[in-house]
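# Just a sequence and a predicted model for now, questions to come.
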Amino acid sequence: MVVVGITGGIGSGKTTISNYLKSFGIPLYVADKEAKALMNRSKVIKRKLIQLFGDEAYVDGKLNRPFLAKMIFKDKSLLNQMNAIVHPKVASHFKRWLKKQDAPYILKEAAIIFENNLQSNYDYIITVVADENLRIERILDREDTTREKVKAVINNQWTDSHKKKLSDFVISNNDLDQAKKQALQIHKKLLKISAE
């Protein structure tokens with residue numbers, strides 16, 4: 001099974017491209033979505049996050065995301081500790097999911113593959129890039145946030161040029177139709193690779 005990572009900075013449109021590739025029958029595992037689900041479902045994760053952040057980590061049994069975001073934004077060590085709790089569980093969940101798949105290749109969408117030095121977990125990596133101003137506008141359109149907060153998140157992530165150097169494929173997503181054409185070409189290449 002060929003494992004393809006798909007990544008990109010906030011607002012790059014990696015989810016849009018992931019879903020486009022999924023429309024060809026390619027199984028898609030969205031790491032961030034599964035991490036959030038596990039943080040709400042797993043008793044072990046809940047217990048450890050409450051130990052780390054206090055009782056405010058959950059409200060009515062559900063993850064208090066705004067509170068956690070505020071805490072980890074102020075303190076990088078808390079982010080690292082949280083990741084050390086959540087990431088291993090996501091990794092084992094992904095392994096179980098992967099065993100059930102039957103396709104030429106699978107996609108795993110993850111925002112911070114390179115930042116966490118996880119590129120060796122993938123056979124190929126697709127990075128979706130877009131102009132920074134466009135990325136900011138996309139986030140402002142879909143979320144109740146400020147330009148400054150979006151800029152802070154972008155500045156916390158690796159630059160596109162840094163990610164491009166380590167990627168097998170790059171999709172420029174300033175124009176969705178063009179991006180889909182690039183994605184289709186990559187899909188055809190991956191089908192060929194997995195058939196060899």
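Ah, there it is.

# Then residue 128 would be within a strand, right?
Yes: looking at residue 128 with DSSP: H, G, I helix; E, B strand; the rest coil, it is inside a strand.

# That one contacts residue 173, correct?
Yes: at 5.2 Å, residue 128 and residue 173 qualify as touching, with contact defined as C-beta atoms under 8 Å. Bear in mind the C-beta positions are built from the backbone N, C-alpha and C, glycine included.

# joint contacts of the two?
Applying C-beta atoms under 8 Å, 6 or more residues apart in numbering, one finds that residue 128 and residue 173 are jointly contacted by 8, 12-13, 17, 179.

# Check the burial of residue 160 by counting its neighbours.
Using other C-beta atoms under 10 Å, residue 160 has 22 other residues around it.

# Against residue 52, how distant is it?
To residue 52, residue 160 is 32 Å away according to C-beta to C-beta, to the nearest Å.

# Which neighbouring elements make contact with whichever strand or helix holds residue 91?
Assigned by DSSP states H and E, residue 91 belongs to helix 76-99. For helix 76-99, the packing partners by 3 or more C-beta pairs under 8 Å, 6 or more residues apart in numbering; DSSP states H and E come out as strand 28-30, helix 31-41, helix 43-53, helix 65-74.

# need those in TSV with distance to residue 134, can you?
Compiled in TSV, these are given as follows (distance: least, C-beta to C-beta, whole Å):
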stretch	distance to residue 134
strand 28-30	22
helix 31-41	21
helix 43-53	34
helix 65-74	23
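
# out of the shared contacts of residue 128 and residue 173, which are inside strands?
Among the shared contacts of residue 128 and residue 173, no member falls in strands (criterion: DSSP state E).

# Quick check: end-to-end length of stretch 61-79?
Its first and final residues considered, stretch 61-79 spans 21 Å by C-alpha to C-alpha, to the nearest Å.

# Give me the contacts around that stretch.
Identification of contacts with stretch 61-79 by C-beta under 8 Å, 6+ apart yields 36, 39-40, 49, 52-53, 56-58, 82, 152.

# Quick check on these: which are buried?
39, 49, 53, 57-58, 82 (16 or more other C-beta atoms under 10 Å).

# Out of those residues, flag the one nearest to residue 99.
Closest approach between the buried ones among the contacts of stretch 61-79 and residue 99, by C-beta to C-beta: residue 39, at 22.9 Å.
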